[in-house]
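Participant: pasting a predicted model and its sequence here:
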Amino acid sequence: MWRWVFLGTVIAPAAVWDLGDIALTVCILPNLLALVLLSSKTRTLMDDYFSRQAWLQQPKD
């Protein structure tokens, strides 16, 4: 951890932002992959939900 803090004090601010952008991209890629792979399942579930109009059904107490 301390090496990264030291690195941030030595290199140019633009390079620090670039490294941060790269790190965020690496974190985002698995999420984008999951969105693409699960999009058909999500569409199926969403169509089923809206066809039942579940928001109109009141829970019985």
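Facilitator: It's in.

Participant: check which element follows the helix or strand bottoming out on mean pLDDT in the chain along the chain.
Facilitator: Confidence across the helices and strands of the chain bottoms out at helix 2-10, with a mean of 70, counting by mean pLDDT, DSSP states H and E. Remark: after helix 2-10, the chain's next helix or strand is helix 13-52, criterion DSSP states H and E.

Participant: what average pLDDT does that following helix get?
Facilitator: What helix 13-52 shows for mean pLDDT is 92.

Participant: how distant is that helix from the center of its chain?
Facilitator: Relative to its chain's centre, helix 13-52 lies at 4 Å (CA atoms, centre = their mean, to the nearest Å).

Participant: so what secondary structure elements neighbour it?
Facilitator: Counting contacts by 3 or more CB pairs under 8 Å, 6 or more residues apart in numbering; DSSP states H and E, helix 13-52 packs against no other helix or strand. For every residue, glycine as well, the C-beta is placed using N, CA and C.

Participant: make residue 1 into 168 and carry on from there
Facilitator: Sure, I'll start numbering at 168, so the last one becomes helix 180-219.

Participant: count the neighbours of Trp184 for me.
Facilitator: By the criterion of other CB atoms under 10 Å, Trp184 has 10 neighbours.

Participant: go on, Gln225?
Facilitator: Considering only other CB under 10 Å, Gln225 is surrounded by 6 other residues.
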